[in-house]
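> give me a model of this one.
(2 chains)
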Amino acid sequence: MTALPFIDLTPRREHQWFAEGITGEITDALVQVPGLHVVARDAEAVLEGRVYEAGGRVRLSAELKRTADGYKFWSQTFDRPMSGVIAVEQDIAAQIVKRVPSARGWHPRKLRHQASGEAYQAYLEGRSWFGRGGVEALRKAIERFEKATAEARGLCADLKQKLKVEHIDDDLKQYPSLSFYRQGEFIDLCRGPHIPHAGKIGAFKVMTIAGAYWKNDSTRPQLQRLYGTAFFNQKDLDAYLTRIEEAKKRDHRVLGKQLKLFTISQMVGSGLILWMPKGATVRGILESFIKDELLKRGYSPVYTPHIGRLELYRTSGHFPYYRDAQFPPMYHRPSAGTLDLCQYRLAMGEIDEKREHDYQEYMRQAHMLPPEYLKEPSQAKKLEMMHQFVLILLKELHVNLPEYHRATNHKDRADALLKWLMEQEGFLLKPMNCPHHIHIYKAEPRSYRDLPVRLAEFGTVYRYEQTGELNGMTRVRGFTQDDAHLFMTPEQVESEFRDNLEFVLFFFRTLGLTDYRVRLGFRDPASTKYVGEAADWDAAQTSLEKIVKSLGMSYTVEPGEAAFYGPKADFVVKDCIGREWQLGTVQLDYNLPKRFDLEYVGADNKPHRPIMIHRAPFGSMERFMGILIEHFAGAFPLWLAPEQVRIVTVSDKFRAYGETVERQLRDKGFRVAGDYRPDKMGAKIREAQLDKVPYMLIVGEKEQSAGAVAVRARVEGDRGVKPVAEFIDCIEREVQTRSLTATI
RNA sequence: GCUGCUGUAGCUCAGCUGGUAGAGCGCGUCCUUGGUAAGGACGAGGUCCUGGGUCCGAUUCCCAGCAGCAGCUCCA
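A predicted model of the protein is given here:
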């Protein structure tokens, strides 16, 4: 091991936790991570800036892929469990080491017992990979070889890579042969391609490490995944990192705070947006903009309440289908909630993790949680205990439910309970507006002459999103959709759908949103989550694609992305760090009209079933606002800016004149503020710049005597002195045309 | 929900492996009355996320919870 490189993992506070040599062992262990090659080089490169190497350079490599940003690389997911815990630097380095598989006798050993805490040292036993191959091994070419599938399976089994074996059995056995890559003695099943050898990587950085489900399936085990990026040289890497930093400055969560657009309070609840005056101003302008357009296009405004009876959502299917993503139902009888929970689980026939906590809580409150329940490992027995609990509850409530008692299995018991629950008055915070709008449609008989009926509302809905999904304004638990539901004859579907796509495009164009993609969400034929007849789906999907084609839009068809009731076209945009969000959406629905038994009278004087379109050009005001903040980097165009003009006085003496200018602008309907503090003008200008106010009007001696203002545009700077009236003309025009200039 | 990281003043963060905390910006008061991105002085402001535990002593170490961040899963 003499001249061999090693990683020095600097512990958080001191160095003496690790015996010298341990670091080499860690490198050694890293080598064994499937898909991760460790390369020794001459340089002082660091891993995440904190892992130093004595005589060489550590590099990670794996699949390289060219992207718009350069090269990206990521490791394969690890194949074996970890067994060591190391207290080192708090970030990446520790994570890598922590996750290294145990193949070579990786032993954690308690090093020292602090007053309370424990520190661990970990060390490896066994021969060193470097020890045998040395640096030369790392410079070896990465070679590809192929094996017949059966042989390949055997090789993976020999390497004790059980997930690879599983992968072959599940998905790869259809291929006659499989490819491997080898560097020295490291062998990995991989489709490739690979770089010729790891030395090709000039600079890399491990970006993040995170869990990922095996085969992206949340019921399967979770593995660790390393994300990194690699470039041919350090300069390109630095440039890339700088670009990322710049992008993060556009983050709507950062700008929203800085510019006082919105806030989120833990007390009010996570995922619930509090729109501050400036954010609310922008939203209000957007809403009026939409409302005006809707009126022009023949929509009728409606208002509906924020809650509805559970029965409504049972009929629509939303309550049973999205049960876990909703706030709990509200029953008048408190115990009905508990029975509802039991009914749900008896119906499912399993104890789901998500509801277990709630269930135990109810049981505990009812003094009905026996220790046996907690210890019971069998799901079937737990369900049986739940059933016994229901019996007691029914008795105590004096609920006579003969059907429940007669039932011999959980499914029938669940049905009996459901029947009772349906008689109980219960409400749900509305997760969707459509059921309410449907009942407006149903409130009067409809003739084909009335169609299409277009009902629009800024409808606020509530969904209990998983904690891990919440994200600023883009993923929240309460949001307002710029929603509308259209009811029409089959003949009208095509033109209505087309109009709506154009509608969305019109908004996006107005706001300068050009970087989006169109996604056609179709049914996944293999999935059971969809309702309705296959024939309806096929018809809907075919006509949808036809319309999109005829509009000349580029799009991708994505099976499995449909709503449960119908196919849809979504407009998807990226946020400042490249994550995709669905904004505008137009959805076809043949199912809800059936569920709610909607009708219209046709020309033949017979009842017919209308077809529905759900559409929301912005998606939700919250998400749209979030994306818009990032799109404009907080610098809204004049027509949207919460503060359009700021008066800046050169000194205190000109306050009175400043106020007359302010009044003139306000009378014309502009959003204007005056900064009359006795600070230096330069400081006040700087503040207005940072507040991203489009126009500053500097007033002092010169302006006062001329009845004018010195105009400073946020982007171009000083534009010279103008009479007030002339300035007003200018900005009136800019607002009317919804100009997007000066928004950088 | 899962994996990992983080949680200190209004904001951004520092606090050197345990002895009741600091900076910059912001805020307040006073001085300064100026010409296109930061004038100066003084001052106020903190349950160090919450709850347990270890210890003579915990912001610091341990456990649990909550919240935020990144990724995965989900997204009507």
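
> mind naming the longest helix for chain A?
helix A:277-296 (DSSP state H).

> so which other helices or strands are in contact with that one?
The contact analysis (3 or more Cβ pairs under 8 Å, 6 or more residues apart in numbering; DSSP states H and E) places helix A:277-296 against strand A:300-301, strand A:478-488, helix A:493-510, helix A:621-631. (C-beta placed from N, C-alpha, C; glycine too.)

> rerun that using 7 Å as the cut-off
helix A:621-631 (3 or more Cβ pairs under 7 Å, 6 or more residues apart in numbering; DSSP states H and E).

> and the helix it packs on with RNA strand B, contact?
No - Helix A:621-631 does not reach RNA strand B (Cβ under 7 Å from any atom of the strand); its nearest approach is 9.4 Å.

> quick one: distance of that helix to the chain centre.
Distance of helix A:621-631 from its chain centroid, counting by Cα atoms, centre = their mean, to the nearest Å, is 13 Å.

> give me the contact list for that helix.
A:250-252, A:255-256, A:261, A:273, A:279, A:282-283, A:472-474, A:476, A:479-480, A:482, A:511, A:513, A:573, A:575-576, A:581, A:583, A:618 (Cβ atoms under 7 Å, 6 or more residues apart in numbering).

> tell me how far the longest helix of chain A lies from the chain's centre.
Centre-to-centre, helix A:277-296 and its host chain are 25 Å apart (Cα atoms, centre = their mean).

> stretch A:546-553 too?
Using Cα atoms, centre = their mean, the offset of stretch A:546-553 from its chain centre is 28 Å.

> got it, and stretch A:565-575?
Taking Cα atoms, centre = their mean, one finds the center of stretch A:565-575 at 13 Å from the center of the full chain.

> tell me the buried residues in it?
A:Tyr565, A:Gly566, A:Pro567, A:Lys568, A:Ala569, A:Asp570, A:Phe571, A:Val572, A:Val573, A:Asp575 (16 or more other Cβ atoms under 10 Å).

> can you show me the CA trace of it as CSV?
Extracted C-alpha coordinates of stretch A:565-575, given in CSV (Å, rounded to 0.1, in the frame of the first residue of the first chain):
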residue,chain,number,x,y,z
TYR,A,565,-61.4,9.4,-15.5
GLY,A,566,-60.0,10.4,-18.8
PRO,A,567,-57.0,11.3,-21.0
LYS,A,568,-55.5,14.8,-20.9
ALA,A,569,-53.1,17.3,-22.4
ASP,A,570,-50.8,19.0,-19.9
PHE,A,571,-48.5,21.9,-20.3
VAL,A,572,-45.3,21.1,-18.3
VAL,A,573,-42.7,23.6,-17.4
LYS,A,574,-39.4,23.4,-15.5
ASP,A,575,-38.5,25.3,-12.4
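
> tell me the average confidence for that stretch?
Per-region confidence: stretch A:565-575 scores 93 on mean pLDDT.

> can you get me a residue count around A:Lys395?
10 (other Cβ atoms under 10 Å).

> ok, it to A:Thr338 distance?
According to Cβ to Cβ, to the nearest Å, A:Lys395 stands 14 Å off from A:Thr338.

> closest point of the stretch 451-600 of chain A to RNA strand B, which residue?
A:Gly468 (2.0 Å; Cβ to the nearest atom of the strand).

> pLDDT score for that residue?
90.

> now do the SS call for it.
Using DSSP: H, G, I helix; E, B strand; the rest coil, the structure places A:Gly468 in helix.

> tell me how far it lies from A:Ala534.
Counting by Cβ to Cβ, the gap from A:Gly468 to A:Ala534 is 34 Å.

> and those two? Which one has more around it.
The residue with more neighbours, out of A:Gly468 and A:Ala534, is A:Ala534; 10 against 7, by other Cβ under 10 Å.

> give the buried residues for stretch A:256-272.
Applying 16+ other Cβ under 10 Å to stretch A:256-272 flags A:Gly256, A:Leu259, A:Leu261, A:Phe262, A:Ile264, A:Gly271, A:Leu272 as buried.

> off-centre distance for it?
18 Å.

> what does stretch A:723-740 give?
The mean C-alpha position of stretch A:723-740 is separated from the chain mean by 38 Å, Cα atoms, centre = their mean.

> equivalent analysis for stretch A:168-184, please.
Per Cα atoms, centre = their mean, the displacement of stretch A:168-184 from the mean C-alpha position of its chain is 33 Å.

> and if you look at stretch A:426-435?
Its chain's C-alpha centre and that of stretch A:426-435 lie 23 Å apart, by Cα atoms, centre = their mean.

> would you mind writing the CA trace of it as CSV?
What follows is stretch A:426-435, C-alpha atoms only, in CSV (Å, rounded to 0.1, in the frame of the first residue of the first chain):
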residue,chain,number,x,y,z
GLY,A,426,-70.3,13.6,6.6
PHE,A,427,-68.4,16.3,4.7
LEU,A,428,-65.2,16.6,2.8
LEU,A,429,-63.0,19.6,2.1
LYS,A,430,-63.4,19.7,-1.6
PRO,A,431,-60.5,18.1,-3.5
MET,A,432,-62.0,18.9,-6.9
ASN,A,433,-64.5,21.5,-8.2
CYS,A,434,-66.1,19.2,-10.8
PRO,A,435,-68.7,17.5,-8.6
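
> and the strands in the stretch 201-350 of chain A?
Taking DSSP state E, counting those that start in this stretch as the criterion, the stretch 201-350 of chain A carries its strands at A:203-213, A:222-231, A:262-263, A:274-275, A:300-301, A:307-309, A:330-331.
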